[in-house]
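Colleague: coords please:
(one chain, ligands or ions: 1)
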Amino acid sequence: MTNLASMIDLRSDVKSQPTAAMRKAMAEAAVGDDAAGEDPTVAELERRAAEITGKEAAVFVTSGTQGNLVSLLSLTRPGEEMIADEKAHLMHYEGGGCTRIAGLLPRLLPCRQGCLEPAEVADAISQGSTVRGRTGVVVMEDTHNLAGGVAVSPERLRAVAEVAWDAGVRVHLDGARIFNAAVALERPVPDFARWCDTITFCFSKSLGAPAGSVVCGKTEVIQRARVYRRMLGGAMRQAGHLAAAALIALDTMVDRLADDHRRARQIAETLVNLPGVEIDLTLVQTNMVYFRLCRGDISPEQFCEAMRQRGILVSGTEPRRGHFRLVTYHNINDVAVQKVCKALEETLGGAAC
Ligand SMILES: Cc1ncc(COP(=O)(O)O)c(C=O)c1O
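Modeller: The predicted model follows:
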């Protein structure tokens with residue numbers, strides 16, 4: 001088995017390792033039974049998360065997937081419709097929980113540079129009839145992962161939210177990487193979060209904590225979210241150990257995200273000069289670099305293997321078709337990025353055929 005600790009792992013920011021400060025805080029955390037509301041560190045994290053997003057309340061959940069599902073369950077009723085874009089993470093990678101567990105019928109609309117188009121949302125909203133459920137929720141994602149990690153502006157979120165709210169429809173924001181969006185666009189998180197009823201964000205991705213996400217919203221919605229979290233098995237006991245790392249993440253890992261974005265850009269600018277690489281630099285706005293490898297002389301598998309031989313792990317969204325995604329996070333420092341750029345040049349340099 002490969003010794004992963006010695007590799008530069010660009011497969012995802014979920015591979016990020018907790019910092020020394022996080023490990024210390026986890027060891028020393030004051031904890032209690034959080035399922036009974038007795039964990040002081042979780043309570044502090046939830047208070048901070050609500051404050052940071054500008055919402056009334058927050059609940060700590062196990063993962064981004066659970067945060068999305070708990071939000072949908074809290075905002076809708078089974079049989080309603082859910083409007084999302086066709087590239088939404090919760091449609092592709094979350095086990096179909098929105099349909100199987102929340103009982104929602106997805107109405108998927110085109111993904112326009114990471115966001116829904118307000119006019120298309122207006123057109124797709126249903127008020128319910130004998131043949132069609134009413135639209136219960138509109139879902140957006142920021143940053144938008146499959147759209148390239150693009151940062152969606154508060155103004156674009158607002159335009160969609162206003163259409164939804166005018167029609168009496170709730171809005172959920174999958175803000176797994178909302179801090180990346182906030183840093184990239186130099187806007188405070190509440191500018192984004194005010195355009196949704198619930199927002200989830202993750203501590204375990206670019207913020208580097210080992211686990212956990214949060215759902216933020218109005219107090220009565222978060223009360224319902226606690227019931228659904230319990231139903232889904234997400235009410236943990238001494239969860240303060242995890243919350244302690246998440247608090248360190250909020251204190252120390254947000255401002256430094258600009259470094260991840262700069263490093264992703266550096267990798268993208270190396271790739272754009274290599275033959276047989278298709279990449280849209282305008283989409284490289286945060287910590288993700290999506291590109292397509294179109295080479296007759298090197299298959300996607302050979303590319304992965306050549307990078308692995310150089311100590312670098314890469315993977316793709318559709319590797320068989322040459323679609324790759326490289327992701328930076330705090331463990332990928334400037335030295336690592338130099339090695340990555342050199343390895344890409346050695347592997348893909350030369351004439352393409
Ligand atoms: C945009 C987005 N939402 C939600 C999730 C799910 O998070 P988790 O893996 O913690 O369930 C991810 C995971 O990468 C994601 O990229």
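Colleague: switch to C-alpha atoms for all contacts and neighbour counts from now on
Modeller: Fine.
Colleague: end to end, how far does stretch 321-341 reach?
Modeller: End-to-end distance of stretch 321-341 (C-alpha to C-alpha, to the nearest Å): 22 Å.
Colleague: tell me the buried residues in that stretch?
Modeller: By 16 or more other C-alpha atoms under 10 Å, the buried positions in stretch 321-341 come out as 322-332, 336-337, 340-341.
Colleague: how about the nearest residue to residue 19 once chain neighbours are set aside, what does it touch?
Modeller: Leaving out its chain neighbours, the residue that sits closest to residue 19 by C-alpha to C-alpha, 6 or more residues apart in numbering is residue 208, at 7.3 Å. Residue 208 is in contact with 13-14, 16-19, 249, 253, 329-330, counting by C-alpha atoms under 8 Å, 6 or more residues apart in numbering.
Colleague: off-centre distance for the lowest-mean-pLDDT helix or strand in the chain?
Modeller: Lowest by mean pLDDT, DSSP states H and E among the helices and strands of the chain is strand 315-318, with a mean of 84. Strand 315-318 sits 16 Å away from the centroid of its parent chain (C-alpha atoms, centre = their mean, to the nearest Å).
Colleague: show me what that strand is packed up against.
Modeller: For strand 315-318, the packing partners by 3 or more C-alpha pairs under 8 Å, 6 or more residues apart in numbering; DSSP states H and E come out as strand 323-327.
Colleague: is there proximity between the strand it packs on and the ligand?
Modeller: No: applying C-alpha under 6 Å from any ligand atom, one finds that strand 323-327 is not in contact with the ligand, the shortest distance being 11.0 Å.
Colleague: show the average pLDDT along that strand.
Modeller: In this model, strand 323-327 has an average pLDDT of 97.
Colleague: most neighbours, which of the contacts of residue 208?
Modeller: Neighbour counts for these (other C-alpha atoms under 10 Å) peak at residue 329, which has 28 neighbours.
Colleague: surely it and residue 256 touch.
Modeller: No: distance between residue 329 and residue 256: 9.5 Å, which falls outside the contact criterion (C-alpha atoms under 8 Å).
Colleague: in three-state terms, label residue 241 for me.
Modeller: In three-state terms, and counting by DSSP: H, G, I helix; E, B strand; the rest coil, residue 241 is helix.
Colleague: in terms of pLDDT, where does it sit?
Modeller: Residue 241 carries a pLDDT value of 98.
Colleague: go on, residue 350?
Modeller: 71.
Colleague: could you find the closest non-adjacent residue to it?
Modeller: Nearest to residue 350 is residue 275, by C-alpha to C-alpha, 6+ apart, at 7.2 Å.
Colleague: residue 346 is in contact with that neighbour, correct?
Modeller: No: distance between residue 275 and residue 346: 11.8 Å, which falls outside the contact criterion (C-alpha under 8 Å).
Colleague: domain map for this protein?
Modeller: 4-14+256-348, 20-252 (automatic domain parsing).
Colleague: looking at the ones you listed, which one is packed in the most?
Modeller: Most buried of these, by mean neighbour count (mean count of other C-alpha atoms under 10 Å): domain 20-252, with a mean of 21.
Colleague: other SSEs contacting whatever helix or strand residue 307 lives in?
Modeller: Using DSSP states H and E, residue 307 falls within helix 300-309. Contacts defined by 3+ C-alpha pairs under 8 Å, 6+ apart place helix 300-309 against helix 334-348.
Colleague: next, the angle from the helix it packs on to helix 300-309.
Modeller: Angle of helix 334-348 versus helix 300-309, following axes from the mean of the first three to the mean of the last three C-alpha atoms, to 10 degrees, is 140 degrees.
Colleague: tell me how far helix 334-348 lies from the chain's centre.
Modeller: 26 Å.
Colleague: can you tell me the SS state at residue 237?
Modeller: Classification of residue 237 using three-state DSSP returns coil.
Colleague: I'd guessed it sits against residue 34; true?
Modeller: Yes: under the contact definition of C-alpha under 8 Å, residue 237 touches residue 34, with a separation of 4.9 Å.
Colleague: how about the residues of the chain by the ligand?
Modeller: For the chain, the residues found near the ligand under the criterion C-alpha under 6 Å from any ligand atom are 63-65, 89, 145, 174, 176.
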